[in-house]
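Undergrad: My questions are about this predicted structure, shown below with the sequence.
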Amino acid sequence: MNILTTQKRSNRLTLFLVMAALLVADIVSIAFAMFCGYWFYHLIDIGAGPQPLDLYLELTIGAVIVMLVIFQLSGLYEPELSILNIAEVRKIFKATLIGLLVFFFLTFYMKNISYSRLIITFSAVFLFAIMSFERLILYKIQKKLHARGFGVKRAIIYGAGEVGRLLLKRLMQSPGLGYLPVGFMDDDPAKQGKMIVSDNSTNTTSMPVIGNFEQFTELVNDHHIDEVFVTITSMHTERFEQVIHKCRELGIDFKFVPNLFDLKIQKISVTKIDGIPLLSVKAPRIDPIYIFFKRAFDILLSALTLLIFSPFYLLIALLIKQDSKGTVLFKQKRVGLRGKLFNMYKFRTMWNDANPYDWTPTTLEDKRITPFGKFLRRTSLDEIPQFFNVLKGDMSIVGPRPEMPFIVETYNEIQRDRLAMKPGITGIWQISADRGKQIHENIEYDLYYIENCGFLMDLVIIIRTVYFAIRGLGAF
């Protein structure tokens, strides 16, 4: 027990130091953003002319205090699990926008002091970029500390099935939550001592099955467990009550995955009537105003992209023809909005005799891909003809990836929610660690996008897609 108490104290100290480092980093970021805004204003030499530096040094002190309060109110100091940290980027954008409006409001009433609204605006833009980069760096540092066991809650996952493996992957991808799984517990004798693998295209996480319920107390004490995650959605009520009793007896926390998990947990809303929890499955609802402006943005960006790349079409076509026999363009039936079929176009990257309706390649080493096709897929240049699909209205720039009909035929009712939006050239799956897998194996990315879609999310996805294309990290 002394070891467990010492470990908890160490974890609390680590969490305090992480929070302190986060505050210091935020203070530096705010101050640096103010400096960048001031510097950029004088660099481009616009507005009312040179501004006194000492005036903006005073403003910086006020900006640090105000923005830290806004960050706190916006939830930027609360751990949250979201795919690709989209939720945190949203919070940073929201906090920056609120801060900009607050300072505009203050400068309107401070008649005796004249601050440049251009400098404040430039500083807000720099703050969003700097804060996003800062949180990315801190995320990587936190991930390394997490892997070494600093400032974490040690956890056991009770259930080594599909749900347990998915939870393991999510916990390892999100060190900010502060959980370190040490192994699985499962009552299936065939799984005892086995290594359970939860993998993606960039890393593989494996955890052993270290025992069963009969060894519950021993496992908790030997591995200094702080929390238990129950992921057996079909667990009998009697066994579930025994788990709750054991956790309370040993003084550890527990969480469980409800048996409605197959409906996708982000699709479930919880309400209460006089203390009685009621769960309902939400149908996808997308703001029509967002859809209108999204379509206008799609037309503008697609036309611009097709115009910019127009000089390269002939060159790419010649290289495809020289590389292998067959057509330049690849045409395939895909399922679009509300199940409507359309012809999707790409530059051909596979040999002409390859089955067009076989499973999508998950690696560039797939023998169906031609030599030049590897380059096109690595750089995502094979996707350029899809901008014609966007102009026609069959696709969008950002959205769920269009699937082949034979896969959509196997969808259940919840999976068909992917068809509530136009399919996209890029999306969350394409920039995730799981992009090397089949799309239908990671359908939660598209469901998450449909539930949380918005202009900011689209912008983040587009920026990261361009970054992946430049680095040659296409989705293959």
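TA: Perfect, I can see it now.
Undergrad: what's the domain layout of the protein?
TA: Domain ranges of the chain: 2-147, 153-259, 288-471, per automatic domain parsing.
Undergrad: With mean pLDDT, distance to residue 280 and mean neighbour count as extra columns, can I get those domains in JSON lines?
TA: (Each C-beta comes from the backbone N, C-alpha and C, glycine too.) Listed next are the domains of the chain as JSON lines, based on pLDDT from 0 to 100; distance: least, Cβ to Cβ, whole Å; neighbours: other Cβ atoms under 10 Å:
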{"stretch": "domain 2-147", "mean pLDDT": "82", "distance to residue 280": "22", "mean neighbour count": "16"}
{"stretch": "domain 153-259", "mean pLDDT": "85", "distance to residue 280": "13", "mean neighbour count": "17"}
{"stretch": "domain 288-471", "mean pLDDT": "86", "distance to residue 280": "13", "mean neighbour count": "17"}
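Undergrad: of the ones you listed, which approaches residue 276 most closely?
TA: Of all the domains of the chain, domain 153-259 sits nearest to residue 276, with 15.4 Å by Cβ to Cβ.
Undergrad: need the next SSE after the helix or strand harbouring residue 312, C-terminal direction.
TA: Using DSSP states H and E, residue 312 sits in helix 288-323. Next helix or strand after helix 288-323 toward the C-terminus (DSSP H and E): strand 329-335.
Undergrad: Would it be right to say that residue 184 lies in a strand?
TA: Yes: Residue 184 forms part of a strand when assessed by DSSP: H, G, I helix; E, B strand; the rest coil.
Undergrad: let's have the chain start at 43 instead
TA: OK, 43 is where the count begins now, so the last one is residue 226.
Undergrad: now the helices for the chain?
TA: Using DSSP state H, the helices of the chain run over 44-86, 95-115, 128-151, 159-189, 204-215, 258-264, 279-292, 330-365, 413-421, 428-434, 447-450, 486-494, 497-513.
Undergrad: JSON lines for the ones you listed, including distance to residue 396?
TA: JSON lines is the format used below for these (distance: least, Cβ to Cβ, whole Å):
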{"stretch": "helix 44-86", "distance to residue 396": "50"}
{"stretch": "helix 95-115", "distance to residue 396": "52"}
{"stretch": "helix 128-151", "distance to residue 396": "35"}
{"stretch": "helix 159-189", "distance to residue 396": "38"}
{"stretch": "helix 204-215", "distance to residue 396": "31"}
{"stretch": "helix 258-264", "distance to residue 396": "50"}
{"stretch": "helix 279-292", "distance to residue 396": "50"}
{"stretch": "helix 330-365", "distance to residue 396": "14"}
{"stretch": "helix 413-421", "distance to residue 396": "10"}
{"stretch": "helix 428-434", "distance to residue 396": "19"}
{"stretch": "helix 447-450", "distance to residue 396": "16"}
{"stretch": "helix 486-494", "distance to residue 396": "26"}
{"stretch": "helix 497-513", "distance to residue 396": "24"}
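Undergrad: Residue 247: which of those helices is closest?
TA: Ranking those by their distance to residue 247 (criterion: Cβ to Cβ) puts helix 204-215 first, at 5.0 Å.
Undergrad: how far is the closest one from where the chain is centred?
TA: Relative to its parent chain, helix 204-215 has a centroid offset of 15 Å by Cα atoms, centre = their mean, to the nearest Å.
Undergrad: okay, that helix in CSV with CA atoms only?
TA: Extracted C-alpha coordinates of helix 204-215, given in CSV (Å, rounded to 0.1, in the frame of the first residue of the first chain):
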residue,chain,number,x,y,z
GLU,A,204,-12.8,-5.9,-30.3
VAL,A,205,-14.0,-3.2,-28.0
GLY,A,206,-11.1,-3.7,-25.6
ARG,A,207,-8.5,-3.5,-28.4
LEU,A,208,-10.2,-0.3,-29.8
LEU,A,209,-10.1,1.3,-26.3
LEU,A,210,-6.4,0.3,-25.9
LYS,A,211,-5.6,2.0,-29.2
ARG,A,212,-7.5,5.2,-28.3
LEU,A,213,-5.8,5.4,-24.8
MET,A,214,-2.3,5.0,-26.3
GLN,A,215,-3.1,7.6,-28.9
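Undergrad: elements contacting it?
TA: In terms of contacts (3 or more Cβ pairs under 8 Å, 6 or more residues apart in numbering; DSSP states H and E), helix 204-215 is packed against strand 195-200, strand 221-227, strand 237-241, strand 246-253.
Undergrad: Can I get the ones you listed in a markdown table including distance to residue 398?
TA: As requested, the helices and strands packed on helix 204-215 are exported to a markdown table (distance: least, Cβ to Cβ, whole Å):
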| stretch | distance to residue 398 |
| --- | --- |
| strand 195-200 | 41 |
| strand 221-227 | 41 |
| strand 237-241 | 28 |
| strand 246-253 | 31 |
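Undergrad: Out of those, which gets nearest to residue 319?
TA: Here strand 195-200 is closest among the helices and strands packed on helix 204-215 (Cβ to Cβ), at 22.1 Å.
Undergrad: Neighbouring strands - and their directions - for the closest one?
TA: Strand pairing for strand 195-200, using DSSP bridges, gives strand 221-227 (parallel), strand 269-272 (parallel).
Undergrad: between that strand and strand 246-253, how many degrees?
TA: 70 degrees (axes from the mean of the first three to the mean of the last three Cα atoms, to 10 degrees).
Undergrad: Hey, what's the angle from strand 195-200 to helix 279-292? Just curious.
TA: Following the same axes, to 10 degrees, one obtains 160 degrees for the angle between strand 195-200 and helix 279-292.
Undergrad: Now strand 195-200 - C-alpha only, CSV.
TA: Taking C-alpha atoms only, strand 195-200 is exported to CSV below (Å, rounded to 0.1, in the frame of the first residue of the first chain):
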residue,chain,number,x,y,z
LYS,A,195,-3.2,6.2,-13.9
ARG,A,196,-2.4,2.6,-14.3
ALA,A,197,-5.3,0.7,-15.8
ILE,A,198,-6.5,-2.8,-16.6
ILE,A,199,-8.9,-3.4,-19.5
TYR,A,200,-11.4,-6.1,-18.6
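Undergrad: between it and helix 204-215, how many degrees?
TA: Using the same axes, to 10 degrees: strand 195-200 against helix 204-215 is 160 degrees.
Undergrad: and strand 195-200, how far from the chain's centre?
TA: In this view, strand 195-200 has its centroid 23 Å away from the chain centroid, taken as Cα atoms, centre = their mean.
Undergrad: How about residues contacting that strand?
TA: 49, 53, 206, 209-210, 213, 220-228, 249, 252, 255, 261-262, 265-274, 285, 295 (Cβ atoms under 8 Å, 6 or more residues apart in numbering).
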